[in-house]
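Novice: no sequence for this one, just the structure:
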């Protein structure tokens, strides 16, 4: 039986028997514990410590602190779950050669623009001649400090892969911090954090760094809750208000939004909804808020709002200039999940991928419709509805919130074509008409389910401590269950992490077929389409102006240039491309089969055009005399 007291944040400690009236004013059990904890220290330990010794002790305490350990565990777990990527940082990119190359290119462009021309950051060298092309997809602007290190293609890979691994580490640490702040026990928080960071549905998004980077959401919520002195378990504690944490929470929220609107847009609405609820509660109960708390919210909220409005205004300008950004409601339906989607794993799942292959065949777009949060998490969350450290009303609200998110996540595939759920957001909430993937709201479902799961595990830990305390031999001590008993509560980590293990797929980016920095721009690569992400990555060498590009939508400028090039290299195509401003066309013969340019005549020598042939490319200089 352990004699350790309950740690801070571990919930209420069992109370020892009250002293009798004949006892001294100081309770006997408290005198006994103080004696047991201190004892007779050697003279040299009782003497005032020098500055060096005090510093050493502080460092030692810091190294043993819960948060140091949690951070190290987060990093080590992320490295292990994504292995062998950590050993190949400068050579490969995870998942595929599509969107990861686009986002790696984006990091490279941020580096180039910030170092050479910060004012021109929105106009990338791709999608020529369109403007504000960085805003055609998530900008990853929140990663700008890291992007400054990405000064060439190799360093871009290293930075991208470190951010990829770090996204899992931050998701784990942020969710752990949120659960601890809410009042969950250590083991329960670790299990909930793993369920959030390594949910099976995330495996379908291993190529989307902007979607994987969700740790800022839960970390910001944890900081804001801590700053306001609030937890689910203990309610509002005025003495625990910390304005510094409030400001930090708002800044982290802004950083999260700056990564991209794919997650940032819904996060803003979540914060708005929380603000409305909290405001209503304040009007009814009028809790005692310090003026510093109000000032911190005013300052942090203002900075957050201005930053969001600045970025949102940029995206709004792009939406106004490109009506093609608006998603038709039936188009959204194609990407929306079905009822069964929430128990179907993506093909990237090592544990469930093969078993769910037949179920995925019935889906219209499996990468966005395989939304399994994890069977272990679901089981623990269901148990948490019935037996939990959270109050009955808290569990009811968590269940209702999960149900609402479920309805919204189904988009147009919910009852009555989603008229009472997603359609309301699509018609009335700014920005939602540009979202094609309602299923990504499963992120917030995962958060609520993790809270429910942590509640039942915390209750088990509380019960174990209660039994140990009531059966103690010496009634003067406060005791808790042995550590080996609490260690058993970490066991759900095994199946949760097993469900989150991906099928290993790391790819070496292909070498550029031509010396990109030597090309005269604007350049058009043929074929143009899904392979344009490779072209964007190749342009890291020199950032030559290029008509090609891949993003969340295809601008009309690129659609027009592709249409002009269909007959290339005939005279009509050449004249049209020259008139449009294209100086160089690079044809990749090995990639033509199966595309709209499959019939392109690679042997032709057009009049007035210089043609250079290499092993893997044909380079056409459309204006050799200029």
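Specialist: Cool, got the structure. Here the structure is a predicted model, which is why all the values come from computation and not from measurement. Numbering: from 1, shown residues only.
Novice: what ranges do the helices span in the stretch 451-600 of the chain?
Specialist: For the stretch 451-600 of the chain, the helices defined by DSSP state H, counting those that start in this stretch cover 483-487, 493-499, 532-538, 556-564, 571-580.
Novice: Could you do the stretch 51-200 of the chain as well?
Specialist: 51-64, 66-81, 99-116, 144-147, 153-182, 186-197.
Novice: Can you flag the weakest of those by average pLDDT?
Specialist: Note on these: lowest mean pLDDT is at helix 51-64, with a mean of 81.
Novice: can you give me the angle that one makes with helix 66-81?
Specialist: 50 degrees (axes from the mean of the first three to the mean of the last three Cα atoms, to 10 degrees).
Novice: so what secondary structure elements neighbour helix 51-64?
Specialist: Of the remaining helices and strands, none touches helix 51-64 by 3 or more Cβ pairs under 8 Å, 6 or more residues apart in numbering; DSSP states H and E. Where you see a C-beta, it was placed from the backbone N, CA and C, and this is true even at glycine.
Novice: Show me the shaky parts of this structure.
Specialist: Low-confidence segments of the chain, defined by pLDDT under 70, span residues 1-49.
Novice: The helices of the stretch 451-600 of the chain: which one's closest to residue 222?
Specialist: For residue 222, the closest of the helices of the stretch 451-600 of the chain is helix 493-499, at 20.1 Å, according to Cβ to Cβ.
Novice: returning to what we had before: can you convert the helices of the stretch 51-200 of the chain into JSON lines and add a column each for distance to residue 276 and mean neighbour count?
Specialist: Formatted as JSON lines, the helices of the stretch 51-200 of the chain follow (distance: least, Cβ to Cβ, whole Å; neighbours: other Cβ atoms under 10 Å):
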{"stretch": "helix 51-64", "distance to residue 276": "39", "mean neighbour count": "10"}
{"stretch": "helix 66-81", "distance to residue 276": "32", "mean neighbour count": "16"}
{"stretch": "helix 99-116", "distance to residue 276": "34", "mean neighbour count": "23"}
{"stretch": "helix 144-147", "distance to residue 276": "32", "mean neighbour count": "17"}
{"stretch": "helix 153-182", "distance to residue 276": "20", "mean neighbour count": "23"}
{"stretch": "helix 186-197", "distance to residue 276": "25", "mean neighbour count": "29"}
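Novice: before we move on, back to that, with mean neighbour count as added columns, please give the helices of the stretch 451-600 of the chain in a markdown table.
Specialist: Formatted as a markdown table, those follow (neighbours: other Cβ atoms under 10 Å):
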| stretch | mean neighbour count |
| --- | --- |
| helix 483-487 | 12 |
| helix 493-499 | 19 |
| helix 532-538 | 25 |
| helix 556-564 | 17 |
| helix 571-580 | 16 |
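Novice: Those helices into TSV, with extra columns for distance to residue 60?
Specialist: Formatted as TSV, the helices of the stretch 451-600 of the chain follow (distance: least, Cβ to Cβ, whole Å):
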stretch	distance to residue 60
helix 483-487	21
helix 493-499	28
helix 532-538	46
helix 556-564	59
helix 571-580	67
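Novice: and of those helices, who's closest to residue 598?
Specialist: Across the helices of the stretch 451-600 of the chain, closest to residue 598 is helix 556-564 (Cβ to Cβ), at 14.2 Å.
Novice: That closest one - contacts with which helices or strands?
Specialist: Helix 556-564 packs on helix 571-580, going by 3+ Cβ pairs under 8 Å, 6+ apart.
Novice: Can you give the contact residues for the helix it packs on?
Specialist: Residues outside helix 571-580 that contact it (Cβ atoms under 8 Å, 6 or more residues apart in numbering): 524, 560-561, 564-568, 585, 606, 608-609, 622-623.
Novice: and which of these is nearest residue 411?
Specialist: residue 560 (31.1 Å).
Novice: Among the contacts of helix 571-580, which pair sits farthest apart?
Specialist: 560 and 608 (22.8 Å).
Novice: if you go through this structure in chain order, where are the strands?
Specialist: 93-94, 230-231, 235-236, 506-507, 523-526, 584-587, 610-613, 618-621 (DSSP state E).
Novice: Residue 166 is nearest to which of the helices of the stretch 451-600 of the chain?
Specialist: helix 493-499 (17.9 Å).
Novice: Next, the contact list for residue 228, please.
Specialist: With Cβ under 8 Å, 6+ apart, residue 228 has these contacts: 236, 241, 246, 293.
Novice: Tell me how far it lies from residue 300.
Specialist: According to Cβ to Cβ, to the nearest Å, residue 228 stands 12 Å off from residue 300.
Novice: Can you check which residues contact both of those two?
Specialist: residue 246.
Novice: Just the buried ones from the contacts of helix 571-580?
Specialist: Taking 16 or more other Cβ atoms under 10 Å as the criterion, what is buried in the contacts of helix 571-580 is 524, 561, 564, 565, 567, 568, 585, 606, 609, 622.
Novice: Could you dump these into JSON lines and include distance to residue 307?
Specialist: Output for the buried ones among the contacts of helix 571-580, formatted as JSON lines (distance: Cβ to Cβ, whole Å):
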{"residue": "524", "distance to residue 307": "36"}
{"residue": "561", "distance to residue 307": "35"}
{"residue": "564", "distance to residue 307": "40"}
{"residue": "565", "distance to residue 307": "40"}
{"residue": "567", "distance to residue 307": "47"}
{"residue": "568", "distance to residue 307": "44"}
{"residue": "585", "distance to residue 307": "41"}
{"residue": "606", "distance to residue 307": "51"}
{"residue": "609", "distance to residue 307": "49"}
{"residue": "622", "distance to residue 307": "43"}
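Novice: List just the nearest of those residues to residue 334.
Specialist: For the buried ones among the contacts of helix 571-580, the nearest to residue 334 is residue 561 (26.6 Å; Cβ to Cβ).
Novice: right, and that closest one touches residue 546 too?
Specialist: No - when contacts are counted by Cβ atoms under 8 Å, residue 561 is not listed as touching residue 546 (10.7 Å).
Novice: what is in contact with those two at once?
Specialist: With contacts defined as Cβ under 8 Å, 6+ apart, the residues shared by residue 561 and residue 546 are residue 524.
Novice: got a list of what the closest residue to residue 557 other than its chain neighbours touches?
Specialist: Counting by Cβ to Cβ, 6 or more residues apart in numbering, the nearest residue to residue 557 once its immediate chain neighbours are dropped is residue 130, at 4.7 Å. The neighbours of residue 130, taking Cβ under 8 Å, 6+ apart as the test, are 136, 555, 557, 558.
Novice: Count the residues that sit near residue 284.
Specialist: Summarising burial for residue 284: neighbours were counted as other Cβ atoms under 10 Å, giving 8.
Novice: residues contacting residue 423?
Specialist: Residue 423 touches 329, 412, 417, counting by Cβ under 8 Å, 6+ apart.
Novice: Repeat that for residue 364.
Specialist: 334, 335.
Novice: And it, its phi and psi?
Specialist: Here is the backbone geometry of residue 364 (degrees, to the nearest 10): phi -80, psi -30.
Novice: how near is it to residue 341?
Specialist: With Cβ to Cβ as the criterion, residue 364 and residue 341 are 11 Å apart.
Novice: Count the neighbours of residue 479 for me.
Specialist: By other Cβ under 10 Å, the residues close to residue 479 number 22.
Novice: Could you check how far the nearest residue in space to it that is not next to it in sequence is from residue 481?
Specialist: Take residue 479 and drop its neighbours on the chain: the residue closest to it by Cβ to Cβ, 6+ apart is residue 472, 4.8 Å away. Separation of residue 472 from residue 481 (Cβ to Cβ) stands at 11 Å.
Novice: Counting neighbours around each, name which of these two comes out higher.
Specialist: Neighbours around residue 472 and residue 481, counted as other Cβ under 10 Å, are more numerous at residue 481. The numbers are 22 against 16.
Novice: From residue 571, how far out is that one?
Specialist: 84 Å.
Novice: can you check residue 387 too?
Specialist: Applying Cβ to Cβ, the value for residue 387 to residue 571 is 78 Å.
Novice: I figured residue 212 hits residue 203, correct?
Specialist: No - judged on Cβ under 8 Å, residue 212 makes no contact with residue 203 at a distance of 10.1 Å.
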